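*Asks:* Make a model of this:
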Amino acid sequence: MKRLEVENAAVMKVAVRQEIERHSEARYDHRLHALLLACAGWPCSRIAMLFGHSARTVHYWVHRFAKDGFAGLQEREGRGRPSSMTPDIRRRIARDLRRHPRKLGYEQNLWDGILLSHHLRERYHVRMGARQCQRLFHALGFRRRKPRPAIAHANPVLQAAYKKTASPRTAQGHRPVVRG
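*Replies:* You can find the predicted model right below:
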């Protein structure tokens, strides 16, 4: 029999793994297939290499099946620490972040992790570190903006001449020096 070849095998492998991760039933089936190979005597390391997981993960699946049966291979709920924010607080925070910080009584012009941490503590009695607040920005669909510092005593005309987007004639006849 002629050997089958899959076009773009590396791309297809990634696509199949993403499809498995997308659906809980597919993840369950994936674990069942790994268990079938383990029952056939395959070592966890070889199954792991084939399925794109660590040997320890496959080992966990086999032990969970031995302990809890098929239920051990199902998705588990409630993993990780429960959130200290209710969905209502999340909506209110998203609304606050769309407002200018000065309108909420803060001195800053832009939101950052430290300011959001302070805001959460003061307004909603939620304690969250600055780094976790940065993750919250991302989770709520906001992107990071950094203010551009102004250089003291800088000549704005000369600065305009060297900006990437400025045309060569912007700064009153000054042309940027281009070294080639």
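*Asks:* Now do the buried residues in whichever helix in the chain runs longest.
*Replies:* Secondary structure assigned by DSSP state H gives helix 24-39 as the longest helix of the chain. Neighbour counts over helix 24-39 (16 or more other CB atoms under 10 Å) mark 30, 31, 34, 35, 37, 38 as buried. Bear in mind the C-beta positions are built from the backbone N, C-alpha and C, glycine included.
*Asks:* Relative to residue 140, which of these is nearest.
*Replies:* Among the buried residues of helix 24-39, residue 30 lies closest to residue 140 (CB to CB), at 31.3 Å.
*Asks:* Surely that closest one touches residue 51?
*Replies:* Yes: assessed by CB atoms under 8 Å, residue 30 is found in contact with residue 51 at 6.9 Å.
*Asks:* Let me have the buried residues of helix 24-39 in TSV, extended by distance to residue 144 and pLDDT.
*Replies:* Formatted as TSV, those follow (distance: CB to CB, whole Å; pLDDT from 0 to 100):
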residue	distance to residue 144	pLDDT
30	35	90
31	37	91
34	39	92
35	43	92
37	44	93
38	45	93
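*Asks:* could I get those residues as TSV with distance to residue 103?
*Replies:* TSV is the format used below for these (distance: CB to CB, whole Å):
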residue	distance to residue 103
30	50
31	51
34	54
35	57
37	60
38	60
